[in-house]
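Colleague: structural data only, the sequence is not supplied:
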């Protein structure tokens, strides 16, 4: 008997170790650890000056851009197109000879790419490495809101500008409403997304909604935005609930939603949880219209949820439905070119998430051209000189009070129909789903 | 206060989840009784079985999109091969890991199984990536309404097949020669050996049986809760807790333990907070360990406890 107890207890001890090793920390101030991640992919860059150097002078020093994105983990369906886009852009820059700095010379672009495994702790480790050993001038990354928020302290201390590709308002906005000095971001905030959803609710004449989201930085921010927007529009939240990241059984939340009998259900999640939620929601026979936010706008959502995705509505950037928008849309040429480049290289359509990375890389290029290898000047450029910049996610005008630079006007309502994205014009809101 | 419909719904989903824990716990008990090893690869068998079945029955991208599987075989065939794959891995684990270390302490053997589970998880991650996959439900159609609670068709499959598996397992143990031999070597390995029962063969059969059982559990639940590469560890832990609740050696106790665990989890998530789902599982574990290692069901400690100093 005693022997048995010993076995059980030792096994538990081992498992406790395993569990802590596998757990995804959601804390926002992770401790540094001694084992930083290794760079996983550095684009093969040529050094043209080195091979054909006609004179003994050294080639101009390369411009180093740090990047940390989630190629693995729950956010990987968002992160992989971002990784692909960053690598593709760097390759394009270098094919053109590099970036022409203010000194008039062409500088090779070197991207130091790290996989944060959808884990804020690993993101901080990667950024520390980017800052301390790679000596990057500027950082692009943070697939998930949690990772983007977690690295704030590190980039601020190091005084390195950071452009995030995640959406939570807390990435760039302090508690008092002012902006974090060194952090910018390219995706829309969650508040304008909620406002588009509210426009649709108003068009339908709905006043009772359920709001359910994943319990992480992104989901909580999106839920808070919905609460605020709904309050402004006098729409009642008859149910508010969360589920944990990596949840597989959503029946408690769906049961409660059914009991609350809303007129529509708003979900705040990425495909990893949003797709299973949608499937179980349909399986359990609920008929209230299902509205997601911009976290699910990629092919992985349709591939995983299959027929259950049919009829899902969500606001997102224009890229998914650009072929259905007016030909004179100012973003159309930029988006068409990005789609063509991406398709030629990766043989599949890009997502809005890759688009966020494209915007960030072009901003970095413009800043390096104007400011050169000086992080403080790059930051100043990003804050003052990004004016009416036509990108994939929208037309950006960044200033000291707004480090995002795009809002509601950059979003369109999209419906999923038979595995395809379908643009819904504001005039048609009352007709869908 | 939740309505009775809500309670009924939570209990129904709890039983569905609990059925899976029960099957995995049964696998634990079978292996433990015959070999004295607590096999922590149990959950990985479920994951591998489900992934193989998914790959054979629908279009799936493998190895980071470098390979596309579009065999689209009928589900029963795919499921059978999924089970076979898990059985094969179970057999290999026994032959390559457990049998060579049979003279080591039980704890070392447990560590071997933990190592195997980490390796298998890595393999699944490489092949299938981190995305969640869903197996097509066994039968399409609208869900059933049961006292206001919704019962999906797949949940009926889960519960029904669990009953079938458990009953046939008991019949197997009770009436077949191999089943009797397994019970004999669990009750008294020394005497069983004198009767000409080869304990190594029995260990092999126990591993194969448990792996198949877990794979079946993974396959029937994949349409409900999806499957991801990292679910194995949690499934193992839940199955282990169910086994402990049943008193380590008692198959009936393990099944009951699994069902109770599923219902408690579902109620905790629905009535308190979904964040406490797993916390409740492990709170139960601590209580059982502190209060009663013999399990919840009294008077069924089982003769296996007495054997070999345990």
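Modeller: Great, that's in hand. Predicted model only: the values in this text are computed from it and were never measured.

Colleague: which residues of the stretch 101-250 of chain B lie near chain A?
Modeller: With CB under 8 Å from any CB of the partner chain as the criterion, the stretch 101-250 of chain B meets chain A at residues B:106-107, B:110-111, B:114, B:118, B:125, B:129-134, B:137, B:142-143, B:149-150, B:152, B:154, B:224-226, B:228, B:230-231, B:233, B:237, B:240, B:244, B:248. Heads up, the C-betas are built off the backbone N, CA and C, glycines and all.

Colleague: now do the closest residue to residue B:55 other than its chain neighbours against residue A:251, distance only.
Modeller: What sits nearest to residue B:55 in space, not counting adjacent residues and going by CB to CB, 6 or more residues apart in numbering or on different chains, is residue B:69, at 4.9 Å. Counting by CB to CB, to the nearest Å, the gap from residue B:69 to residue A:251 is 30 Å.

Colleague: comparing the two, which shows the higher neighbour count?
Modeller: In terms of neighbours (other CB atoms under 10 Å in any protein chain shown), residue A:251 is the more surrounded of residue B:69 and residue A:251; the figures are 28 against 14.

Colleague: any idea how far the more buried one lies from chain B?
Modeller: Distance, residue A:251 to chain B, by CB to the nearest CB, to the nearest Å: 4 Å.

Colleague: just residue A:352 next, same as before
Modeller: Taken as CB to the nearest CB, the span from residue A:352 to chain B is 18 Å.

Colleague: look up phi and psi at the closest residue to that residue other than its chain neighbours.
Modeller: Computed as CB to CB, 6+ apart, the closest residue to residue A:352 that is not its neighbour in sequence is residue A:317, at 4.5 Å. Dihedral angles phi and psi of residue A:317 (degrees, to the nearest 10) take the values phi -60, psi 170.

Colleague: ok, residue 219 - how many residues close by?
Modeller: Using chain A. Neighbour count for residue A:219, taken as other CB under 10 Å: 28.

Colleague: my question was about chain B, not that one.
Modeller: Residues near residue B:219, counting by other CB under 10 Å, number 28.

Colleague: what does residue A:401 give?
Modeller: 10.

Colleague: verify the stated contact: it with residue A:179.
Modeller: Yes. The pair residue A:401 and residue A:179 qualifies as a contact (CB atoms under 8 Å) at a distance of 6.6 Å.

Colleague: contacting residues for the residue nearest to residue A:352?
Modeller: Contact partners of residue A:317, counting by CB atoms under 8 Å, 6 or more residues apart in numbering or on different chains, are A:187, A:188, A:294, A:297, A:352, A:355, A:392, A:393, A:394, A:410, A:411, A:412.

Colleague: you'd agree the first one is up against residue A:394?
Modeller: In other words, residue A:187. No. In this structure residue A:187 lies outside contact range of residue A:394 using CB under 8 Å: 9.2 Å.

Colleague: can you pull out the low-pLDDT segments for the stretch 51-200 of chain B?
Modeller: For the stretch 51-200 of chain B, the stretches with pLDDT under 70 are B:64-65.

Colleague: these two touch, right, residue A:301 and residue A:271?
Modeller: Yes. With contacts counted by CB under 8 Å, residue A:301 reaches residue A:271, the gap being 4.2 Å.

Colleague: these two touch, right, residue A:77 and residue A:271?
Modeller: Yes. Using CB under 8 Å, residue A:77 is in contact with residue A:271, at 5.1 Å.

Colleague: sorry, back to before: most neighbours out of the contacts of residue A:317, which is it?
Modeller: residue A:355 leads these on contacts (other CB under 10 Å) with 32 neighbours.

Colleague: about what we covered before: narrow the residues of the stretch 101-250 of chain B next to chain A to those in helices?
Modeller: Among these, DSSP state H puts B:106-107, B:110-111, B:114, B:118, B:125, B:154, B:224-225, B:231, B:233, B:237, B:240, B:244 in helices.

Colleague: now the residues you listed: which count as buried?
Modeller: Buried subset of those (neighbour count, 16 or more other CB atoms under 10 Å in any protein chain shown): B:106, B:110-111, B:114, B:118, B:154, B:224-225, B:231, B:233, B:237, B:240, B:244.

Colleague: what residues sit buried inside stretch A:223-240?
Modeller: Neighbour count says stretch A:223-240 has A:223, A:224, A:225, A:226, A:229, A:230, A:235, A:237, A:238, A:239, A:240 buried, by 16+ other CB under 10 Å.

Colleague: wait, does that stretch contact chain B?
Modeller: No. Figure legend: stretch A:223-240 not in contact with chain B (CB under 8 Å from any CB); closest approach 11.9 Å.

Colleague: to the chain's geometric centre, what's the distance from that stretch?
Modeller: 23 Å (CA atoms, centre = their mean, to the nearest Å).

Colleague: and if you look at stretch A:350-358?
Modeller: The answer for stretch A:350-358 is 9 Å, by CA atoms, centre = their mean.
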